[in-house]
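Enquirer: structure for the following, please:
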Amino acid sequence: MLEFGTDGVRGRANLELTVEFALKFGQSVAKAMSGSTFVVGRDTRISGTMLQAAFSAGLASMGASVLDVGVLPSPGVGYICSRLRLPGAVISASHNPYFDNGIKVIGPSGSKLSDDTEAEIEKYVGETLDLSPVVGIMNEASHLTKDYLDFLTSLPGVRRLDGMKIVLDVGHGAASTIARQVFEAYGATVVVINDTPDGTNINSKAGSTYLAGLTAVVIDEGANLGLAFDGDADRVLGVDEVGNSIDGDVIMAILAKDLMQKGQLRHNSMAVTVMSNLGLKRAMQEVGIKVFETLVGDRYVFEAMERYDIVLGGEQSGHVILRDLATTGDGMLTGLFFASALCSKQAPTSAIVKATMVRYPQVLTNVSFVGDSKVILSSPVVESAIESAKDELGDNGRVLVRASGTEPLIRVMVEAMNNDVAQRLANNICDEIKHAATL
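Expert: Model prediction:
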């Protein structure tokens, strides 16, 4: 049985994430959340309509009605949920290849579910449920996407982008239908690439997982900025005018300083995960911004933001939350505010990035495995390699090793003052993980 990861349930479509599972999962969600109506959307994967139909049928068989909004970025579904005060779900595997898919469940506030609610849903998946004598209705509701579009095109605090040329790589994903319209509404000159989804090209050498194509177009077009979205458009990464990549840490650093200058960064604080670059934390300390660190996952970032009344937070991967406007990462919302902050500086993007923060060399390596990640990571040889690396780095770097919550990967991150040192230590740890995985 599929279990909740850091971002819903996810697996190979029609092999792990089957129609039968999607149906039962829909029934279990309806039972656990007791909603009379659910908002359901999807990205552009070929399996999306199949799995959305099965999941929605599960909801309807328990008496819940469905508002089918069709293809829409997952933060757009979240926005509609929060506006209507209804629970919902997105059929998407985010940045994964097209043959994967997933189901991300959303609460009526537009945010992700609590651990307790997820556990209750998982419990019902394993039980035989009594179907409702009243069958829910599935309604076509694509008209609701206009609400999200209206929200994005009338944001308070976003400056006009007249004179700015921006290339948008929508990754053949959910942003394909609205990205151009959103950025042109603020006066930007817009070039859109990878906006012809065919069900199998989502994230394929496109979007936030592959910046090479965007980089080439930005340089060729003489653009000021490039923005790349993932399959469900809840994250965004950038490229400056000379082709340097811009990750979520840099985006958050620039947003934090811009918000502070406008007096809108409450408590002069932000929340990031432990994966964020050490350079971000030190750059923020220099300007008097406090940085709270959380576990990996934007749900944990959002929990910290609520706890400490923080308005800005996110992940290096490009999931950025602007809490006064959204409860989850929203790539286009973030991209608009980021472009607005850059536009206000009247300087090249590369110069603004350079003046904002200095990145520590950071090596991130993924090691695939078969078996139990907990057993592998508790191996004495792996633990010894990790501790040895930490001892060598001391206060001049960091080591983080964790299992992915969405894929069968162990992620190894080493940060150091010197890239060669970071690479050597990361390689040592990865070698020991591979060795432990074969035992």
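Enquirer: what about residue 299, which SS state?
Expert: Classification of residue 299 using DSSP: H, G, I helix; E, B strand; the rest coil returns helix.
Enquirer: does it touch residue 115 like I think?
Expert: No. Judged on Cβ atoms under 8 Å, residue 299 makes no contact with residue 115 at a distance of 9.2 Å. All C-beta spots, glycine's among them, are computed from the backbone N, C-alpha and C.
Enquirer: which one of these two is surrounded by more residues?
Expert: Comparing residue 299 with residue 115 by other Cβ atoms under 10 Å, the one with more neighbours is residue 299, at 20 against 9.
Enquirer: show the pLDDT at residue 1.
Expert: On the pLDDT scale, residue 1 is placed at 69.
Enquirer: now residue 280
Expert: Per-residue pLDDT puts residue 280 at 95.
Enquirer: check which helix or strand it maps to.
Expert: Residue 280 is located in helix 278-286, with elements delineated by DSSP states H and E.
Enquirer: next: residue 59.
Expert: Per DSSP H and E: residue 59 is located in helix 48-61.
Enquirer: how about that helix: buried residues?
Expert: Buried residues in helix 48-61, counted by 16 or more other Cβ atoms under 10 Å: 48, 50-61.
Enquirer: tell me which of those residues is nearest to residue 281?
Expert: Of all the buried residues of helix 48-61, residue 281 sits closest to residue 48, with 38.6 Å by Cβ to Cβ.
Enquirer: quick check: that closest one touching residue 42?
Expert: Yes. The pair residue 48 / residue 42 is scored as a contact, 4.0 Å apart, by Cβ under 8 Å.
Enquirer: helices or strands next to the helix holding residue 280 in the packing?
Expert: In terms of contacts (3 or more Cβ pairs under 8 Å, 6 or more residues apart in numbering; DSSP states H and E), helix 278-286 is packed against helix 248-261, strand 269-273, strand 290-294.
Enquirer: average pLDDT for the lengthiest helix in the chain?
Expert: Using DSSP state H, we find that the single longest helix of the chain is helix 419-437. For helix 419-437, mean pLDDT is 93.
Enquirer: pull up the overlap in contacts between residue 48 and residue 42.
Expert: Common contacts of residue 48 and residue 42, defined by Cβ atoms under 8 Å, 6 or more residues apart in numbering, comprise 71, 91-92.
Enquirer: out of these, who's the most crowded?
Expert: That'd be residue 92 among those, by other Cβ under 10 Å, with 36 neighbours.
Enquirer: distance of it from residue 342?
Expert: To residue 342, residue 92 is 29 Å away according to Cβ to Cβ, to the nearest Å.
Enquirer: what of residue 64?
Expert: For residue 64 relative to residue 342 (Cβ to Cβ), the value is 44 Å.
Enquirer: so which bits of stretch 379-394 are buried?
Expert: By 16+ other Cβ under 10 Å, the buried positions in stretch 379-394 come out as 379, 382, 385-386, 389, 393.
Enquirer: cool, and stretch 413-428?
Expert: Using 16+ other Cβ under 10 Å as the test for burial, stretch 413-428 gives 413-416, 421-422, 425-426, 428.
Enquirer: now residue 30. Nearest residue, chain neighbours left out?
Expert: Closest residue to residue 30 apart from its sequence neighbours, by Cβ to Cβ, 6 or more residues apart in numbering: residue 62 at 3.7 Å.
Enquirer: now the helices for the stretch 151-300 of the chain?
Expert: 179-184, 212-221, 248-261, 278-286, 298-308 (DSSP state H, counting those that start in this stretch).
Enquirer: can you pull the contacts of residue 363?
Expert: By Cβ under 8 Å, 6+ apart, the neighbours of residue 363 are 412-415, 419, 422-423, 426.
Enquirer: with residue 192 instead?
Expert: So residue 192 contacts 167-168, 170, 179-180 (Cβ under 8 Å, 6+ apart).
Enquirer: distance check, the residue of the chain positioned farthest from its centre against residue 148.
Expert: No residue in the chain sits farther from the centre than residue 133, which is 38.4 Å out by Cα atoms, centre = their mean. Going from residue 133 to residue 148 by Cβ to Cβ gives 35 Å.
Enquirer: just checking, what packs against the helix or strand hosting residue 77?
Expert: In the assignment (DSSP H and E), residue 77 maps to helix 74-84. With contacts taken as 3+ Cβ pairs under 8 Å, 6+ apart, helix 74-84 sits against strand 37-42, strand 65-71, strand 88-91, strand 100-106, helix 145-152, helix 331-345.
Enquirer: who's in contact with the helix or strand just after the fourth one?
Expert: Looking back up the chat, that one is strand 100-106. Under the assignment DSSP H and E, the closest C-terminal helix or strand after strand 100-106 is helix 115-125. The contact list for helix 115-125 (Cβ under 8 Å, 6+ apart) reads 1, 3-4, 21, 24-25, 27-29, 31-33, 105, 107, 113.
Enquirer: just among the contacts of residue 192, which is most surrounded?
Expert: Busiest of the contacts of residue 192 [other Cβ under 10 Å] is residue 170, holding 31 neighbours.
Enquirer: compute the number of surrounding residues for residue 430.
Expert: Residue 430: 20 neighbours (other Cβ under 10 Å).
Enquirer: going forward, count from 174.
Expert: Got it, the first residue is 174 from now on, which makes the last one we talked about residue 603.
Enquirer: any idea how far residue 574 is from it?
Expert: Remark: distance between residue 603 and residue 574 (Cβ to Cβ) = 9 Å.
Enquirer: which residues do these two both contact?
Expert: Joint contacts of residue 603 and residue 574 (Cβ under 8 Å, 6+ apart) are residue 585.
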